[in-house]
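# Please find the sequence and the predicted model below.
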Amino acid sequence: MPVIVVTGTGTEIGKTVVTAAVAALAVAEGRSVAVVKPAQTGVGPREPGDVDEVRRLSGEVTAVELARFPEPLAPATAARRAALAPVTPEAVAEAAGKLAAEHDLVLIEGAGGLLVRFDDAGSTLADVAGLLDAPVLVVAPAGLGTLNMTTLTAEALRARGLAQLGVVVGSWPEQPDLAARCNLADLPEAAGAPLLGAVPEGAGALAPAEFRARAGRWLAPRLGGVWAPEAFGAVVG
């Protein structure tokens, strides 16, 4: 998997931290990693963006941001309001392809969910995955409502003939409620794909060295870690 597209079932659910964890494990294996953010919104010209956070947490990665828009809106809307050219799936695919020729792994982190628009023509992250024939890793929240959002994302992927790598819970609460504990068992069925990890709430606030040391406990072997859903479920259930 030279390229993995990371999306979410919504916004502010842990995509950046999950991307950083995947990157950290790949770097620990001695692999060269690049991280691409097609469109960064809601960040000023000199402020750190999501790729900067991934690099801070994961270590030596190549960080590429293709477009930045100041208002915290969907990329198409933010570009239009800023009177700036939107990013296109073709530009993202071209950049990722060049990086894949020079790196062992390229991670593309989307903005919000799978079908958030890049431009007024309706282009989305799904189009990027299609152009690259890349699997999609879905980041989902733990609590009530996640099964519906995860199912809708999975249906959108299947409708477009895109492969879903699996699902990772982006922010697992320290004290999970009944819904979160039940969702742990139900998410694979909703997604039609394996559960590949659960990143603890607040993981992004850890010191980088501690983040890297712990990342393997949060992600399954397919992503380079040792996390197992059966053992984790026994602990939290």
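On my side now, so go ahead. Numbering: from 1, shown residues only.

# Every contact and neighbour count from this point should use C-alpha atoms.
Noted.

# which SS state does Ala231 fall under?
helix (DSSP: H, G, I helix; E, B strand; the rest coil).

# In this protein, mark out all the helices, start to finish.
Counting by DSSP state H, the segments of the chain that form helices are 15-28, 50-58, 75-81, 89-100, 125-132, 146-159, 178-191, 208-214, 229-236.

# And the pLDDT for the residue nearest to the spatial centre of the chain?
In the chain, the centroid-proximal residue (CA atoms, centre = their mean) is Val6; its distance is 3.2 Å. The predicted structure scores Val6 at 98 on the pLDDT scale.

# quick revisit: so which of the helices of the chain is the most surrounded?
Among these, ranked by average contacts under mean count of other CA atoms under 10 Å, first place goes to helix 15-28 (a mean of 26).

# Okay, angle between that helix and helix 50-58 too, please.
Here helix 15-28 runs at 50 degrees with respect to helix 50-58, directions being taken by axes from the mean of the first three to the mean of the last three CA atoms, to 10 degrees.

# Any idea how many residues pack against the closest residue to Gly216 other than its chain neighbours?
What sits nearest to Gly216 in space, not counting adjacent residues and going by CA to CA, 6 or more residues apart in numbering, is Gly225, at 4.0 Å. Counted with other CA atoms under 10 Å, residues neighbouring Gly225 total 20.

# so how far is Met149 from Gly225?
Relative to Met149, Gly225 is positioned 26 Å away (criterion: CA to CA, to the nearest Å).

# again, but for Ala82
The separation that Ala82 has from Met149, given CA to CA, amounts to 30 Å.

# And for Glu155?
The value you get for Glu155 to Met149, if CA to CA is used, is 10 Å.

# Pro208 now?
Pro208 sits 31 Å away from Met149, taking CA to CA as the criterion.

# what do you get for Ala156?
From Ala156 over to Met149 (counting by CA to CA), the distance is 11 Å.

# same thing with Ser58?
When distance is defined by CA to CA, Ser58 is 28 Å away from Met149.

# Give me the neighbour count for the residue nearest to Arg222 when sequence neighbours are not counted.
Nearest-residue entry for Arg222: Leu196, 7.4 Å, with adjacent residues in sequence omitted and distances by CA to CA, 6+ apart. Burial of Leu196 is recorded as 25 neighbouring residues (other CA under 10 Å).

# Pull the contacting residues for Leu196.
With contact set as CA atoms under 8 Å, 6 or more residues apart in numbering, Leu196 has these partners: Gly166, Val167, Val168, Leu219, Ala220, Arg222, Leu223, Trp227, Ala228, Pro229.

# give me that answer again for 6 Å
Residues in contact with Leu196, defined by CA atoms under 6 Å, 6 or more residues apart in numbering, are Gly166, Val167, Val168, Leu219, Ala220.

# any idea how far the first one lies from Ala96?
Using CA to CA, one obtains 21 Å as the distance from Gly166 to Ala96.

# Could you check the pLDDT of the closest residue to Ala180 other than its chain neighbours?
Excluding the flanking residues, the one nearest Ala180 by CA to CA, 6+ apart is Gly143, at 4.7 Å. What the model reports as pLDDT for Gly143 is 95.
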